[in-house]
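A.B. asks: One predicted model, sequence on top.
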Amino acid sequence: MKLIIDNADIEAIKNVYEYYPVDGVTTNPSILAATGRQPYEVLHEIRDFIGSDELHVQVISGVAEDIIKEAHRIVAELGPHTFVKIPCVPEGFKAMKALVEEGVLLTGTAVYTPMQALLAAKCGVNYVAPYINRIDNMGYDGIGVEKHIHDIFKNNNLTTEVLAASFKNSQQLLELCEYGIGAATVAPDVITGLVKNPAITAAVDDFRRDFEKLTKPGKTMYNL
Ligand code: G3P
C-alpha cells in the first residue's frame, strides 16, 4: 500500500519525509486554503522538495471544458508525476474521459459511493479517493465502502486503485493495508500516530539503559 501525505504544509511534509517511508503528497482546495498562501507557490515548493514522487492537485471548475483547462495548467506547472484530482460528478466524468485519452494522470475524488468509483474507474482514472471519515459521519461504514470499491475493481479487472482518504486513526490505516488497498492518503499526525506507543518507547529506553549499565552513559556500538 502506498502511503501518501494529505497536507500542504511544507514543514510538516519535510518532517514526515525525514522519518517515514512515504510516496508523495495529496492536496485539496481546503488543504491549500489552510496554508494561507498562494496555491501554485505552495505546490511548486512541495514539488521541488518531493522530486518525482506523486503530487495530487484538485481542480475547482464545475464544467468539463474548464476542468480540462485546469488539468493542463496543473500538469504544465507541476510536471508529469502530477495527478489531477477531479470530483466524481457528471461534468467530472466527461473531463476524465477526455484527459485519459491524452494520458493525463487522474484521481477521482469526493467519492462517497461505490457507483461513483465504478464510473470513474470505467473512465480510466488511476485512483479514486473515497472519504472514510466523512462516510462514517453520514451514518455509513467508511471502511466497508473502501473495501467494497476495492473488490469491485478487482472483480471487474479494472486497473484503478483505491486511494483511501479522510482517516481519523491509524487502526483504519492498518485494516485497509491488510485488505490490500492500493494507497492511503493520511494527515501527518495519523502517520506519526502509527508508532506512538509508550510500550515501544519504554522498550527502546530499557535497552539503552541496560547497555549503558554494562558500559558507560553515552556509549553505543560505534564509540566503545
Ligand atoms: O483529500 C481529501 C480527504 O482526505 C479529506 O479528508 O479529513 O477533510 O475528511 P477530511
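C.D. replies: Here it is on my side, so go on.
A.B. asks: Contact residues of the chain facing the ligand?
C.D. replies: The chain comes close to the ligand at residues 6, 26, 28, 131, 133-134, 165-166, 185, as judged by CB under 6 Å from any ligand atom. C-beta: built from backbone N, CA, C; applies to glycine.
A.B. asks: Of those, which qualify as buried by neighbour count?
C.D. replies: The neighbour-count test (16 or more other CB atoms under 10 Å) marks 6, 26, 28, 131, 165-166, 185 as buried among those.
A.B. asks: what pLDDT, on average, does the helix ranked longest in the chain get?
C.D. replies: Criterion DSSP state H: the longest helix present in the chain is helix 198-214. Here the mean pLDDT over helix 198-214 is 96, rounded to a whole number.
A.B. asks: For it, which outside residues touch it?
C.D. replies: Applying CB atoms under 8 Å, 6 or more residues apart in numbering, the external contacts of helix 198-214 come out as 218-220.
A.B. asks: Which of these sits closest to the ligand?
C.D. replies: Thr220 (40.4 Å; CB to the nearest ligand atom).
A.B. asks: among the buried ones among the residues of the chain next to the ligand, which two are most distant?
C.D. replies: Pairwise distances across these (CB to CB) peak at 12.1 Å, for the pair Thr26 and Tyr131.
A.B. asks: Overlap in contacts, the two.
C.D. replies: Both Thr26 and Tyr131 are contacted by Ala165, under the criterion CB under 8 Å, 6+ apart.
A.B. asks: thought Leu106 was touching Ala121?
C.D. replies: No. Between Leu106 and Ala121 there is no contact, the gap being 10.6 Å when judged by CB atoms under 8 Å.
A.B. asks: separation between Leu78 and His72?
C.D. replies: Between Leu78 and His72 the distance is 11 Å, computed by CB to CB, to the nearest Å.
A.B. asks: buried sites along stretch 24-44?
C.D. replies: For stretch 24-44, the buried set under the neighbour-count rule, 16+ other CB under 10 Å, comprises 24-28, 31-32, 35, 39, 42-43.
A.B. asks: pLDDT of it, averaged?
C.D. replies: Confidence over stretch 24-44 (mean pLDDT, whole number) is 98.
A.B. asks: what do you get for stretch 170-178?
C.D. replies: The predicted model assigns stretch 170-178 a mean pLDDT of 94.
A.B. asks: Using CSV, write down the CA coordinates of the longest helix of the chain.
C.D. replies: Listed in CSV are the C-alpha atoms of helix 198-214, where the atom choice follows Å, rounded to 0.1, in the frame of the first residue of the first chain:
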residue,chain,number,x,y,z
PRO,A,198,4.5,4.1,25.3
ALA,A,199,5.4,0.4,25.3
ILE,A,200,7.6,0.9,22.3
THR,A,201,9.4,3.9,23.7
ALA,A,202,9.9,2.1,27.1
ALA,A,203,11.4,-1.0,25.4
VAL,A,204,13.9,1.1,23.5
ASP,A,205,14.8,3.1,26.6
ASP,A,206,15.3,-0.1,28.6
PHE,A,207,17.7,-1.4,26.0
ARG,A,208,19.8,1.8,26.1
ARG,A,209,19.8,1.8,29.9
ASP,A,210,21.0,-1.8,30.1
PHE,A,211,23.7,-1.1,27.6
GLU,A,212,24.9,2.0,29.5
LYS,A,213,24.9,0.0,32.8
LEU,A,214,27.2,-2.5,31.1
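A.B. asks: Cool, thanks, signing off.
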